[in-house]
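> Test case, fold it:
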Amino acid sequence: MATAQAQPAPSGQADIPKLSPESLLEAGFHFGHRTSRWDPRMKGYIRDKKNGIHIINLKETLRGLIAAKHFLRNLVSTGVKVVFVGTKKQAKDIVRAEAERCEQAFVSERWLGGTLTNFPTIRKRLARLDKLEALETSGQLAKMPKKMQAVVNRERRKILSNLEGLRRLDNLPSALIIVDANMERTAILEARKLGVPVIAVVDTDSNPEHVDIVIPGNDDSVRGIQIVLHALADSCIEGKKLAEQGKGLELKKGLGIVGYDDAAPKPKDDRGRGGPRGDRRGGGGGTRRRGRADEASPEAEAAAKEAVEVAEAQSAPAPAPTVRTKPRAQKKDTPAEGGEKAESKE
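Numbers count the residues shown, from 1 in each chain. Alright, predicted model coming up:
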């Protein structure tokens, strides 16, 4: 009787150890950067230093991972999307694989400035990508001249390399999962500006202040990144299953956060817009101070009166200019006239 053979596990998934202090320790996730390159704001996540290298406290790492797993499971259960971000060489392939496994968006090649703050333009570029791919599938591209085909293919490859991972996004993401907070600081600043929560792997040379859930660890350890992202992707899968079963949180009320798309528009400020007591150049909308400043002193009144007189004098019409005429030159006596005068004298 033939025994049933076990199905082989997908490549790269069978050899990933479970999340534990031992697995992180074996992966070298506790090694930080040199002490000369450290950021003092990471002091609370550092346990010790050895041979000029900071040692990260793995208790803080596990604490951040547990918080991130619970947060992602509850967030994805509402039906929203998150984005995995990691463009460095050690993380790009892992980011792509784990994001595709949990069916979330990702950025693994390059974070374009304005990906969040200028999201409508990103959607237009993705719509352009769909149109270019439709030309190829319909056979219209083959009927074009070869030069035009080369132009279309070049544009399609460029958009695909930069924005392929964002095709799942119809709206702004509800969270970012970032590897190396120092390299992806542009993405963190954009998320902070829009109020999008950030979960990040932060090394000892990075700033953790702009990160909502900090996972301190070695962001250059390929094995460590694989363990962490695999655990976070599992939480996203759990949240998606809860959403499909109708057991997810509703409208993000249980999370205590509001998505950027759901937030009410902020009231416009009247300052600098010609508001009350303001001019068109923008500077007047403040409240008027009251007190002794309202009572003008005699010196101020005298100075104001003098200024008015000077202004009136400057605005008075100028007198008509006087034209100086040169006197006519006298003619010299001719010899004949001189003789007549001489005779008359005689």
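> For Gly64, give me its contacts.
Ile213, Val214, Ile215, Pro216 (Cβ atoms under 8 Å, 6 or more residues apart in numbering). Every C-beta, even on glycine, is put in place using the N, C-alpha and C of the backbone.
> is it possible to export those residues to JSON lines including secondary structure, neighbour count and distance to Gln226?
Formatted as JSON lines, the contacts of Gly64 follow (DSSP: H, G, I helix; E, B strand; the rest coil; neighbours: other Cβ atoms under 10 Å; distance: Cβ to Cβ, whole Å):
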{"residue": "Ile213", "secondary structure": "strand", "neighbour count": "22", "distance to Gln226": "19"}
{"residue": "Val214", "secondary structure": "strand", "neighbour count": "24", "distance to Gln226": "19"}
{"residue": "Ile215", "secondary structure": "strand", "neighbour count": "27", "distance to Gln226": "14"}
{"residue": "Pro216", "secondary structure": "strand", "neighbour count": "28", "distance to Gln226": "17"}
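> out of the residues you listed, who's nearest Glu238?
Glu238 lies nearest to Ile213 out of the contacts of Gly64, by Cβ to Cβ, at 17.1 Å.
> didn't that closest one look like it was pressed against Ala67?
Yes: counting by Cβ atoms under 8 Å, Ala67 is a contact partner of Ile213 at 5.4 Å.
> before we move on, the earlier item: which of the contacts of Gly64 sits closest to Cys236?
Using Cβ to Cβ, Ile213 is the member of the contacts of Gly64 that sits closest to Cys236, with 14.3 Å.
> How much space separates Arg168 from Val83?
Arg168 sits 9 Å away from Val83, going by Cβ to Cβ, to the nearest Å.
> What's the first helix or strand after the host helix or strand of Ile66?
Take DSSP states H and E as the rule and Ile66 turns out to sit in helix 58-76. Where DSSP H and E defines the elements, the next helix or strand beyond helix 58-76 is strand 83-85.
> Beyond that next one, next helix or strand please.
Using DSSP H and E, the helix or strand that follows strand 83-85 in sequence is helix 92-101.
> For that following helix, list every residue counted as buried.
Under the neighbour-count criterion of 16 or more other Cβ atoms under 10 Å, helix 92-101 has Lys92, Ile94, Val95, Arg96, Ala97, Glu98, Ala99, Arg101 buried.
> Which neighbouring elements make contact with the next helix or strand after it?
Using DSSP H and E, the helix or strand that follows helix 92-101 in sequence is strand 105-107. If you count contacts as 3 or more Cβ pairs under 8 Å, 6 or more residues apart in numbering; DSSP states H and E, strand 105-107 packs onto strand 83-85, helix 92-101.
> Could you dump the ones you listed into TSV with mean pLDDT added?
Listed next are the helices and strands packed on strand 105-107 as TSV, based on pLDDT from 0 to 100:
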stretch	mean pLDDT
strand 83-85	95
helix 92-101	93
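> Which parts of the stretch 101-250 of the chain are strands?
105-107, 176-179, 198-202, 213-216 (DSSP state E, counting those that start in this stretch).
> want to throw those strands into a markdown table with mean pLDDT and distance to Lys59?
Below are these laid out as a markdown table (pLDDT from 0 to 100; distance: least, Cβ to Cβ, whole Å):
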| stretch | mean pLDDT | distance to Lys59 |
| --- | --- | --- |
| strand 105-107 | 93 | 29 |
| strand 176-179 | 95 | 21 |
| strand 198-202 | 94 | 15 |
| strand 213-216 | 94 | 10 |
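> Tell me how far Glu155 lies from Ala67.
Taken as Cβ to Cβ, the span from Glu155 to Ala67 is 42 Å.
> quick one: Gly32 is in a strand?
Yes: when DSSP: H, G, I helix; E, B strand; the rest coil is applied, Gly32 is found to be in a strand.
> now do the same end-to-end measure for stretch 138-154.
From its first residue to its last, stretch 138-154 covers 18 Å (Cα to Cα, to the nearest Å).
> Contacts for that stretch next, please.
In contact with stretch 138-154 (Cβ under 8 Å, 6+ apart) are residues Leu132, Leu135.
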